[in-house]
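Visitor: Sequence plus predicted model, see below.
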Amino acid sequence: MELETPLRSLLSNLGLDLYDLELAHATLNVTVNRPGGVDLETLTTASRAISEWLDLNDPISGRYTLDVSSPGLERRLRTVEHFRSAVGETVTLREIREGEPTRRLEGRLDEVNDTTLTLTDTSVGAVHVAITSIERARTVFQWGGEAKPSPSRGKPHTTTSKKG
């Protein structure tokens, strides 16, 4: 049984988007999101609703674990839609290249079409990568701006003493 369509509909009724769905190693990983993010209460509600639906429809044979989560600050990128949603963000990826060493790239994701993406890598500049050659990819969370120097750094220490 195909799970994506019914789970997408179920989650939509809860005001959530299905970000990712994967059955791997006897775990059904369901990643949900919505504008502004999701909190623990929302994840609990989604988990209960999905669990009830799975119990009623029994689409997966054998034992498995249900894991419902948010994409997080550094979200995994697997599909064309994932990459499209990350345009303008910093991403890191591992590119498998036939006959050449695996290449690690990190930089701003500039453009995505159905088969390739363009990334401005911090070291090599603009790079076109076939989406099918990407072993793994994720967004990179960047904390605020650059750290500001401490006002006391670099200043000579002076001591004063009062003579009384």
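Guide: Now that the structure is in, tell me what you want to look at.
Visitor: going forward, measure contacts and count neighbours with C-alpha atoms only.
Guide: Fine.
Visitor: So, low pLDDT: which residues of the protein?
Guide: Scanning the chain for pLDDT under 70 picks out the ranges 1, 145-164.
Visitor: what's the longest strand in the chain?
Guide: If you go by DSSP state E, the chain has its longest strand at strand 103-112.
Visitor: and residue 12, how many residues sit next to it?
Guide: Residue 12 has 13 neighbours, counted by other C-alpha atoms under 10 Å.
Visitor: Next, give phi and psi for it.
Guide: phi -60, psi -40 (degrees, to the nearest 10).
Visitor: Can I get stretch 54-68 in PDB, CA atoms only?
Guide: C-alpha atoms of stretch 54-68 as PDB (Å, rounded to 0.1, in the frame of the first residue of the first chain):
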ATOM      1  CA  LEU A  54      -1.800   2.600  10.600                       C
ATOM      2  CA  ASP A  55      -3.600   0.400  13.100                       C
ATOM      3  CA  LEU A  56      -6.900   0.700  11.200                       C
ATOM      4  CA  ASN A  57      -5.300   0.200   7.700                       C
ATOM      5  CA  ASP A  58      -2.400  -2.200   8.500                       C
ATOM      6  CA  PRO A  59      -0.400  -1.200   5.500                       C
ATOM      7  CA  ILE A  60       3.000  -2.500   6.700                       C
ATOM      8  CA  SER A  61       3.600  -6.200   7.300                       C
ATOM      9  CA  GLY A  62       5.700  -7.300  10.300                       C
ATOM     10  CA  ARG A  63       6.900  -5.300  13.200                       C
ATOM     11  CA  TYR A  64       8.100  -1.800  12.800                       C
ATOM     12  CA  THR A  65       8.600   1.400  14.900                       C
ATOM     13  CA  LEU A  66       6.800   4.700  14.100                       C
ATOM     14  CA  ASP A  67       9.000   7.800  14.400                       C
ATOM     15  CA  VAL A  68       7.400  11.200  13.900                       C
END
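Visitor: How about residues contacting that stretch?
Guide: The contact list for stretch 54-68, computed with C-alpha atoms under 8 Å, 6 or more residues apart in numbering, reads 1, 3, 26-32, 43, 46-47, 51.
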